[in-house]
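what would the 3D arrangement of this be:
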Amino acid sequence: MKRCYILSFITLCILQAGCKKQTIRNADIHVIDFEQCFDTERQMFLSEIADSIEYIELKTPEDVIITKIGIIKQVDDFLIINANYVVYLFHKNGQFIRQIGSRGQGPGEYILPYSIDIDHKKKEIVISDTYQLLFYDLDGNFLRSKKWMEAGYIGIFDSTLWMGDIIYSANLQKYKAVAVSLHGEMDTVACIPNALYGFMKSDKTGADDSGISTLFYHKNDSLFFKGDASNDTIWKLSGANAEPYAFIDMGKYKLPPEFERWVSDEAYQRNRDRYWAIQSVLEDDRYFFLWSHWRKLIRLPVKGYAAHKYIVYDKKQKKGFFVKDDKKKGIIDDLLGGPPVWPRWISNEYYMSPITAEILLEKVRSGDFIPPAPLKEQLSRMNEGSNDLIILCHRKK
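The predicted structure follows:
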């Protein structure tokens with residue numbers, strides 16, 4: 001039955017591959033069996049994927065506090081960081097360079113920067129804001145803005161900008177993602193249809209939001225689109241071309257469309273307990289990293305039960321597992337002995353994630369983490385109100 005379902009998916013992908021006809025071979029699709037991953041647990045050690053780990057202190061002027069980091073993008077030796085809905089430019093050693101734009105409604109200002117990506121071809125930073133896109137050079141200088149639709153998540157490849165899952169009405173839109181050329185007047189050049197468009201009408205326009213959603217990601221300079229929690233397909237985007245790249249077979253853990261929150265909040269609340277969702281997907285050369293959450297609740301803890309599972313799928317072995325550790329928090333740091341880590345973002349150089357100074361200092365005080373001398377000295381200058389730190393795990397060569 002499952003095989004029939006997967007083949008049906010591949011047929012559907014052929015019909016939905018955008019504005020151009022696509023040719024898809026079964027061997028081209030990674031199929032991630034979520035049930036198998038869910039039922040298999042093992043420890044994973046950081047040394048399996050990384051050579052070293054650093055805790056980067058973000059050194060800022062006294063009037064700048066970095067907390068609630070929502071986005072990190074690496075460009076060469078620099079990090080673009082969205083924290084508390086303000087965008088900053090840092091050197092990767094943590095040295096503050098400048099703020100990019102500011103909150104407001106004037107030229108070069110943004111209300112809520114939802115998403116950020118880099119147009120490497122034009123060497124520009126692009127920020128998705130409420131009803132506009134803002135463009136800056138790689139030094140953070142404002143260049144121009146373009147009026148746009150509702151705020152959404154963006155990904156850029158070869159000067160083609162894809163926008164996916166419009167924030168306020170993702171599952172009521174005709175398309176899951178739309179591509180526009182960043183040359184000229186930003187004409188629409190491709191689209192990915194929404195298979196659930198017209199399924200049911202509803203006044204509900206929200207969606208589950210874990211706070212760490214990753215709808216687009218880059219791997220080896222290619223762009224991929226997962227979309228929101230209701231999407232099971234990962235698309236590879238090459239300029240205006242979109243083709244199915246992977247399928248997450250949720251099996252018995254898949255929430256039926258009629259129980260989605262945007263269809264019926266009452267049905268969702270009544271039936272969600274049995275289901276899980278994938279909120280974020282990242283990838284390196286060997287593994288997919290899937291952050292999953294229990295539909296019953298996202299933020300609130302359940303005693304004796306993990307509301308989140310950290311799933312790793314091995315593309316070489318074609319099977320996966322959920323990461324087991326004492327705290328159920330991710331990959332065991334056997335390089336430095338620190339708290340478990342989980343990649344929130346992956347660049348060509350690093351696995352990256354934030355950690356609050358409060359959490360790290362508590363680990364040291366409790367004896368759970370004995371930092372090496374340089375890090376110990378660094379932490380001695382910090383307190384619970386200090387800037388968040390960036391964990392940089394150097395990818396294995």
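
only C-alpha atoms from now on, for both contacts and neighbour counts.
OK.

quick one: mean pLDDT over stretch 64-84.
In this model, stretch 64-84 has a mean pLDDT of 95.

list of residues touching that stretch?
58, 85, 87-92, 113, 115-117, 211-212, 345, 347, 352, 354, 356, 386-388 (CA atoms under 8 Å, 6 or more residues apart in numbering).

what does L375 show for phi and psi?
phi -70, psi -40 (degrees, to the nearest 10).

that one: what's it in contact with?
Y55.

ditto for I355
Taking CA under 8 Å, 6+ apart as the criterion, I355 is in contact with D388, L389, I390, I391.

bridged to it, which residues?
I355 has these beta-bridge partners by DSSP bridges: L389.

tell me which helix or strand of this structure sits lowest on mean pLDDT?
Across the helices and strands of the chain, mean pLDDT, DSSP states H and E gives its lowest value to helix 2-16, namely a mean of 41.

quick check: next helix or strand after it?
strand 30-33 (DSSP states H and E).

now that next one, how far from the centre of its chain.
Its chain's C-alpha centre and that of strand 30-33 lie 19 Å apart, by CA atoms, centre = their mean, to the nearest Å.

quick one: mean pLDDT for it?
Averaged across strand 30-33, the pLDDT comes to 97.

kindly report the same for stretch 352-363.
Here stretch 352-363 scores 94 as its mean pLDDT.

so which bits of it are buried?
M352, S353, P354, I355, T356, A357, L360, L361, K363 (16 or more other CA atoms under 10 Å).

find the centremost residue of this protein, please.
T214 (1.9 Å; CA atoms, centre = their mean).

that one and H120, how far apart?
20 Å (CA to CA, to the nearest Å).

just to revisit the earlier point, what's the closest of the contacts of I355 to I234?
Distance to I234 across these (CA to CA) is lowest for I391, with 26.6 Å.

and the gap between the closest one and D33?
Counting by CA to CA, the gap from I391 to D33 is 30 Å.

can you check V312 too?
Distance from V312 to D33, by CA to CA: 11 Å.

shared neighbours of these two, anything?
G320.

contact partners for the closest residue to D388 other than its chain neighbours?
Closest residue to D388 apart from its sequence neighbours, by CA to CA, 6 or more residues apart in numbering: T356 at 4.4 Å. By CA under 8 Å, 6+ apart, the contact set of T356 is T67, N387, D388, L389.

what's the spacing between T356 and I65?
Taking CA to CA, one finds T356 at 12 Å from I65.

return the backbone torsion pair for P257.
phi -60, psi -40.

show me where pLDDT drops low in the stretch 201-350 of the chain?
For the stretch 201-350 of the chain, residues meeting the criterion pLDDT under 70 lie at 201-212, 297-306, 326-328.

ok, which stretches of it are helices?
Secondary structure of the stretch 201-350 of the chain by DSSP state H, counting those that start in this stretch: the helices cover 265-271.

show me where it has its strands.
For the stretch 201-350 of the chain, applying DSSP state E, counting those that start in this stretch gives strands covering 216-219, 222-225, 233-238, 241-249, 276-283, 287-294, 308-314, 319-323, 345-346, 350-355.

and of those, who's closest to R103?
strand 350-355 (22.6 Å).

between strand 276-283 and that closest one, find me the angle.
Put simply, strand 350-355 runs at 130 degrees to strand 276-283, going by axes from the mean of the first three to the mean of the last three CA atoms, to 10 degrees.

contacting residues for the closest residue to L282 other than its chain neighbours?
Spatially, and ignoring its direct neighbours in sequence, L282 is nearest to F289 (5.1 Å; CA to CA, 6+ apart). By CA under 8 Å, 6+ apart, F289 lies in contact with V281, L282, E283, Y310, I311, V312, Y313, P343.
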